[in-house]
Each structure stands twice: as structure tokens, then as C-alpha cells.
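> Sequence isn't available, so here's the structure alone:
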């Protein structure tokens with residue numbers, strides 16, 4: 001039992017080292033990518049709402065760049081990132097500190113989402129022109145929640161005051177968020193914030209991401225509703241008059257009242273609405289999806305696989321020093337590795353040692369195992385050989401560590 005627990009802790013530590021190194025690299029990448037995205041938003045994509053929203057999709061690939069071979073094959077990348085590798089491998093507080101930060105961030109986000117779910121659970125479902133909505137008595141802005149089971153939530157004052165056609169427009173806005181996949185994008189953004197929690201600008205930019213998606217939703221809603229931008233803006237202004245500043249809105253809002261500048265910009269973009277061609281927007285979205293998939297493929301093609309089998313046979317002295325054998329072919333002829341035993345030709349091994357003037361009374365033969373990335377691996381087996389104990393061929397049994405559950409699990413994560 002104690003041995004199993006010790007093995008588990010060893011593999012857990014390898015797991016934490018492996019992912020803390022990767023995610024730390026991703027964090028440093030995220031600073032550069034975020035700067036580029038913000039620059040594009042304020043220059044090339046300033047007046048192109050759909051492109052402005054699509055450029056955030058690049059962050060979907062950032063958590064996967066940590067295994068790029070570039071980190072080991074480029075001189076400058078080694079110089080820039082090796083300090084992080086060293087810190088994670090040498091100092092437990094660094095790697096476990098990163099893990100703790102992820103857990104705390106995840107807990108905060110989970111509590112926030114749980115609070116929203118609890119907030120909605122107190123409301124009653126009502127029929128709105130044939131649609132199910134959840135109506136609450138508090139003063140808050142309309143929002144949509146639920147990744148699988150979506151719920152459109154409205155304040156009672158709006159449900160009782162607005163005309164049916166206006167409520168239909170509000171409902172269409174929230175349904176547009178669902179159809180465009182915005183709730184899933186918010187969820188994936190939160191996962192990115194958890195994995196890359198050291199970068200505080202991702203959390204700061206959450207409001208900007210929501211703002212861009214809100215602008216896209218406004219454009220699509222206006223065009224799908226068939227109503228004018230003036231009517232849409234007028235309805236938004238009416239909503240602002242009903243919802244007081246400091247409301248407890250927990251999600252994406254039809255009428256955001258907290259930030260005057262954001263609201264002002266939103267009205268400006270609504271006023272500048274021009275009908276768009278659906279084919280063109282579809283082409284932009286398709287192009288963005290293809291670009292993201294292409295980035296994924298490019299990253300995976302130039303990254304280390306989950307594991308690489310370690311096929312080399314090594315000789316280790318009792319002083320824990322590796323013995324370099326020049327004639328690898330002779331070594332592999334002298335050692336035959338089976339599933340449960342190792343056959344060692346003592347005469348052939350003695351000849352190899354004599355030719356290289358190696359003096360060992362006993363030694364270990366190491367074999368098997370795998371490599372996740374350079375310097376990080378697991379598994380492996382060993383047998384102990386006493387040179388002068390027996391002549392001829394030795395048959396040494398061993399327990400294959402490469403077939404253990406924890407080893408297999410670590411190979412594939």
C-alpha cells in the first residue's frame with residue numbers, strides 16, 4: 001500500500017512538472033498574442049465587427065503551444081524559456097504554486113457560475129409568445145445561461161412593461177447569443193483564464209471579449225428582426241430607463257448599465273448599422289474556423305507526441321554513474337530483453353568491458369520507459385547483474401513497470 005502511494009505521488013509530481021512547464025510557456029505566448037489582437041482591434045479591424053470578434057478565436061490554440069519542438073530546437077527559444085523549465089523541475093513551490101493558482105481561479109469562476117445558476121433557480125418559467133422564459137423579481141439585465149439547457153432570463157418589470165413585439169426582439173437577441181455559440185465561447189474563455197491564470201490581462205479583457213460578441217449579436221439581431229437600427233436603439237434606451245445602475249446582472253446583458261463608455265460605444269455602433277451580406281459573413285466565419293483548425297494542425301505537426309518509446313539500453317554502475325558503451329551493436333547482442341526476463345551473455349559483456357577498459361564487479365541494466373519531452377519521461381525497468389557470480393548466460397526476471405496503470409496513464413495524458 002505504501003509503495004503504491006509512493007508511486008502515485010511520483011507520477012503526480014511528474015504530471016505537475018510536465019504541465020506546469022507547458023502552460024508556463026503558453027502564458028508567455030499569450031502576452032504577445034493578446035498584444036497583437038488588441039492592436040488589430042484598434043487598427044485593421046476597428047470598423048469590422050465580425051473580424052474583430054473572430055480574432056479572439058486565436059486563443060483557442062494558445063494552451064496547446066507548450067509542446068512545440070521549437071522550445072528545444074531554436075537557440076533563442078531555449079534562451080528565453082529554459083529558466084522556466086529549470087524552475088519547475090527544481091523548485092516544488094513553483095510547479096505546485098502554478099497548480100494552486102489554477103485551482104483557485106477555477107474555484108472563483110465555478111462559484112460565480114454557481115451563483116448565477118442559484119439566482120435563476122429561484123425564478124418561475126413563463127410563456128412569452130410561445131417561448132419559455134424565466135422571469136425574476138429583481139432588477140437585472142436580461143441574459144442567457146446554460147450550455148446544454150439554455151434559459152433566457154428576463155426581469156419582471158420588463159416582461160410586464162414591454163409590448164409583445166418588443167419582448168420578441170429582446171428574446172431574439174438572447175437567442176442569437178445561443179445560436180452564435182457565444183455561451184460556449186464564454187465557457188472556453190474561462191477555461192483559458194484558468195489554464196493561463198498568471199496572465200491577468202486575460203481576465204481584464206473579458207469585458208472586451210463580451211463587448212465584441214455583444215456588438216456582433218446586435219448586428220445580427222437587427223438584420224434578422226427586420227426592424228430598423230433606430231427602433232432597436234430606442235428599445236435599448238427604454239431598457240436603460242427601466243434598469244437602474246448597480247443592478248445585479250450576472251451575465252451577458254441586452255442593456256448594460258454599469259459602464260457609460262461601453263453603452264455609448266454600443267449606441268454608436270447600432271446607429272452606424274448597415275445591412276450586411278450573409279454570404280460574406282458566412283465566408284468570414286468559415287475562414288476563421290479554417291484558420292484556427294489550420295493553426296491546430298500546424299501546432300500538432302511541430303509538437304512532441306504524447307510519448308516516445310525509449311529503446312536505448314543503458315549501463316549504470318553501483319555508484320549511480322552511467323557507463324558509456326561505444327559498441328552499441330555488441331551491447332544489444334549481449335543483452336536480450338523479454339517480457340518478464342532479461343538474458344545477459346556474461347562472456348560477451350566481459351569482452352565489451354575489457355575492450356573499453358571498464359572495471360565493474362556489478363552493475364544495473366536499464367531499459368524501457370518513455371519520453372514525453374526532452375528531460376521528462378517515465379516508466380523504465382532495471383535488473384542487477386553481478387559480473388563474476390555466474391558464467392555463460394544469466395536469466396534475470398523483472399516486473400515490467402511499463403505495463404502498470406499509472407505508467408500507461410502518464411503516457412497518454
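Alright, I've got the coordinates. Because the structure is a prediction, the values reported are computed rather than measured.
> Now do the same contact list for the nearest residue to residue 184 once chain neighbours are set aside.
Nearest residue to residue 184, sequence neighbours excluded (Cβ to Cβ, 6 or more residues apart in numbering): residue 147, at 6.3 Å. Heads up, the C-betas are built off the backbone N, CA and C, glycines and all. For residue 147, the contact set (Cβ atoms under 8 Å, 6 or more residues apart in numbering) comprises 183, 184, 187.
> can you check residue 128 too?
Counted by Cβ under 8 Å, 6+ apart, residue 128 has contacts 154, 159, 167, 168, 171.
> Packing partners of the host helix or strand of the last one?
When elements are assigned from DSSP states H and E, residue 171 belongs to helix 164-179. In this structure, helix 164-179 packs against strand 124-128, strand 143-145, strand 151-155, helix 156-161, helix 206-225, helix 229-242, with contacts taken as 3 or more Cβ pairs under 8 Å, 6 or more residues apart in numbering; DSSP states H and E.
> Give the buried residues for the first one.
I take that to be strand 124-128. Applying a neighbour-count criterion of 16 or more other Cβ atoms under 10 Å, one finds residue 128 buried in strand 124-128.
> Show residues contacting stretch 92-112.
Contact with stretch 92-112 is made by 13, 16-17, 20, 23-24, 87-89, 190, 193-195, 197-198, 250, as judged by Cβ under 8 Å, 6+ apart.
> Tell me the gap between that stretch and the middle of its chain.
14 Å (Cα atoms, centre = their mean, to the nearest Å).
> thinking again about what came up before, could I get the contacts of residue 147 as a markdown table with distance to residue 311?
Formatted as a markdown table, these follow (distance: Cβ to Cβ, whole Å):
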| residue | distance to residue 311 |
| --- | --- |
| 183 | 47 |
| 184 | 43 |
| 187 | 42 |
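> Out of those residues, which comes closest to residue 283?
residue 184 (21.7 Å; Cβ to Cβ).
> shaky segments in the stretch 101-250 of the chain?
For the stretch 101-250 of the chain, the stretches flagged by pLDDT under 70 are 243-250.
> same thing but 80
Scanning the stretch 101-250 of the chain for pLDDT under 80 picks out 129, 138-140, 240-250.
> To residue 340, which of the helices and strands packed on helix 164-179 lies closest?
When the helices and strands packed on helix 164-179 are compared (using Cβ to Cβ), the closest one is helix 206-225, at 55.3 Å.
> For that closest one, give me every contacting residue.
41, 49-50, 52-53, 56, 169, 172-173, 176-177, 180, 182, 185-186, 189, 193, 228-229, 232, 252-253, 256, 259, 262, 265-266, 269-270, 273, 275-276.
> swap the cut-off to 7 Å and go again
49-50, 52-53, 56, 169, 172-173, 176-177, 180, 182, 185, 189, 229, 232, 252, 262, 266, 269-270, 273, 275-276 (Cβ atoms under 7 Å, 6 or more residues apart in numbering).
> Next, the angle helix 229-242 makes with it.
130 degrees (axes from the mean of the first three to the mean of the last three Cα atoms, to 10 degrees).
> element containing residue 276, please.
Using DSSP H and E, no helix or strand contains residue 276.
> any idea how far it is from residue 219?
From residue 276 across to residue 219, the span is 7 Å (Cβ to Cβ, to the nearest Å).
> For the two, indicate the residue with more neighbours.
The residue with more neighbours, out of residue 276 and residue 219, is residue 219; 24 against 15, by other Cβ atoms under 10 Å.
> Pretty sure residue 304 sits against residue 371.
No - with contact defined as Cβ atoms under 7 Å, residue 304 does not count as touching residue 371 (8.3 Å).
> Need the residues that contact stretch 176-196.
Applying Cβ under 7 Å, 6+ apart, the contact partners of stretch 176-196 are 23, 26-27, 30, 59-60, 62-63, 102, 105-106, 109, 144, 147, 150, 202-203, 206, 209, 213, 216-217, 220-221, 252.
> got the buried residues for that stretch?
Buried, per 16+ other Cβ under 10 Å, within stretch 176-196: 176-178, 180, 182-183, 185-186, 188-190, 192-196.
> tell me the centre residue of this protein?
residue 63 (4.2 Å; Cα atoms, centre = their mean).
> Run through the residues that contact it.
Residues in contact with residue 63 (Cβ under 7 Å, 6+ apart) are 26, 192, 195, 196.
> what about the first one, is that helix, strand or coil?
Translated: residue 26. State at residue 26, reduced to three classes by DSSP: H, G, I helix; E, B strand; the rest coil: helix.
> Just give me the neighbour total for it.
23.
> Check what pLDDT it gets.
At residue 26, the model reports a pLDDT of 95.
> wait, what's in contact with it?
62, 63, 65, 66, 196.
> Nearest to residue 343 among those?
For the contacts of residue 26, the nearest to residue 343 is residue 66 (40.9 Å; Cβ to Cβ).
> Got phi/psi on the nearest residue to the closest one once chain neighbours are set aside?
Nearest residue to residue 66, sequence neighbours excluded (Cβ to Cβ, 6+ apart): residue 22, at 2.8 Å. Dihedral pair for residue 22: phi -60, psi -50, per degrees, to the nearest 10.
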